[in-house]
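Peer 1: return a 3D structure for these sequence lines:
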Amino acid sequence: MSVVELGRFMDDLAEASGQATVPFFRAQVALTDKAAGTAPFDPVTEADRAAELVLRNMIRARFPAHGILGEEFGSERLDAEYVWVLDPIDGTRAFITGIPTWGTLIGLTRNGGAVRGLMHQPYLGERFTGDGRSARLRGPRGERTLHTRRCVDLSAAMLATTDPRLFTEGDEAERFRAIEGRVRMSRYGTDCYAYCMLASGQVDLVVEAGLKPYDIVALIPIVEGAGGIITAWDGGPATAGGRIVAAGDPRLHAAALEHLNP
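Peer 2: Next up, the predicted model:
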């Protein structure tokens, strides 16, 4: 499959997932707590499941030899050369409260490395894409190439994270607070949008923890394609999830790592 054909197929996936999710947004939907009361509330909706089923069926029909890793229905053929990594609704808490900072994440890995990524927000009509070399946004105001912005010092940085409670109390939370205490401003509740805003030059730094591969794989080629850097806190690959730090400027990333790895 050519690059153009792959891009079209990913657009088809995005369109289909949007048709599955938008009818449930700002509507009364049934919720299930995946944590079953044993951990902090971890909601899943009919929309999550419906969208992932659509994506899986389309991928199986087009690429039967490819693997799939999804949040709602587990994994298939993870030893394949190509593996699709899916999060039908990243930001389910935002989704169920009617706040449009959720998105569908569609990532593709080759031999374990993230090579293509798409974040689709169908309610706003925004689609962020990247291949590690470039990144673009298509939306109501047209299409444009994404670029991160220069920001050398933590004191000038805008930081985003989904929730400060992502960080376990103790050393992990202290490291986050050390970063947050040095930045110009921080914002919460951003989910996948934080990384797309970093790629757009609106945010300088994203620090998170407790992520799964389906939370991050699709966002890696977008951040890197816009000129940013995204790794684990120890500087290793971000594809496995866990503790993640992304920065629009490599120098800011290096400064953040110094505080995350004292």
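Peer 1: what's the distance between the closest residue to A157 other than its chain neighbours and A255?
Peer 2: Spatial nearest neighbour of A157, chain neighbours left out: D204 (4.0 Å); criterion: CB to CB, 6 or more residues apart in numbering. All C-beta atoms are positioned from the backbone trio N, CA, C, and that covers glycine. In this view, D204 and A255 are 11 Å apart by CB to CB, to the nearest Å.
Peer 1: and for L159?
Peer 2: Distance, L159 to A255, by CB to CB: 12 Å.
Peer 1: more neighbours: which of these two?
Peer 2: With neighbours defined as other CB atoms under 10 Å, L159 and A255 compare such that L159 has more, 24 against 21.
Peer 1: check contacts around the more buried one.
Peer 2: 179-180, 183, 185-187, 203-207 (CB atoms under 8 Å, 6 or more residues apart in numbering).
Peer 1: and the helices in this protein, which stretches?
Peer 2: 3-21, 46-62, 92-96, 171-180, 192-199, 213-216, 220-225, 250-260 (DSSP state H).
Peer 1: of the ones you listed, which is nearest R150?
Peer 2: Distance to R150, taken as CB to CB, is lowest for helix 250-260 among the helices of the chain, at 8.4 Å.
Peer 1: buried ones in the closest one, by neighbour count?
Peer 2: Residues of helix 250-260 classed as buried by neighbour count (16 or more other CB atoms under 10 Å): 252-253, 255-257, 259-260.
Peer 1: out of these, which is nearest to R8?
Peer 2: Nearest to R8 among those, counting by CB to CB, is H253 at 33.2 Å.
Peer 1: what sits against the nearest residue to the closest one once chain neighbours are set aside?
Peer 2: Distances taken as CB to CB, 6+ apart place A247 nearest to H253, at 3.6 Å, with adjacent residues excluded. If you count contacts by CB under 8 Å, 6+ apart, A247 has them with 148, 151, 198, 204-206, 228-230, 253, 256.
Peer 1: and the nearest residue to L6 once chain neighbours are set aside, how many residues sit next to it?
Peer 2: Leaving aside its sequence neighbours, L6 sits nearest to R116 (CB to CB, 6+ apart; 6.8 Å). Residues lying near R116 (other CB under 10 Å) number 25.
Peer 1: likewise for A61?
Peer 2: Using other CB under 10 Å, A61 is surrounded by 8 other residues.
Peer 1: do the same with the one 5 residues further on
Peer 2: Other residues near H66 number 17, with proximity taken as other CB under 10 Å.
Peer 1: K212 contacts A238, correct?
Peer 2: No. Using CB atoms under 8 Å, K212 is not in contact with A238; the gap is 11.7 Å.
Peer 1: between the two, point out the one with more neighbours.
Peer 2: Each of K212 and A238 has its neighbours counted (other CB under 10 Å); A238 has more, 24 against 14.
Peer 1: test my guess that that one contacts T231.
Peer 2: Yes. The criterion here is CB under 8 Å, and A238 meets it with T231 at 5.4 Å.
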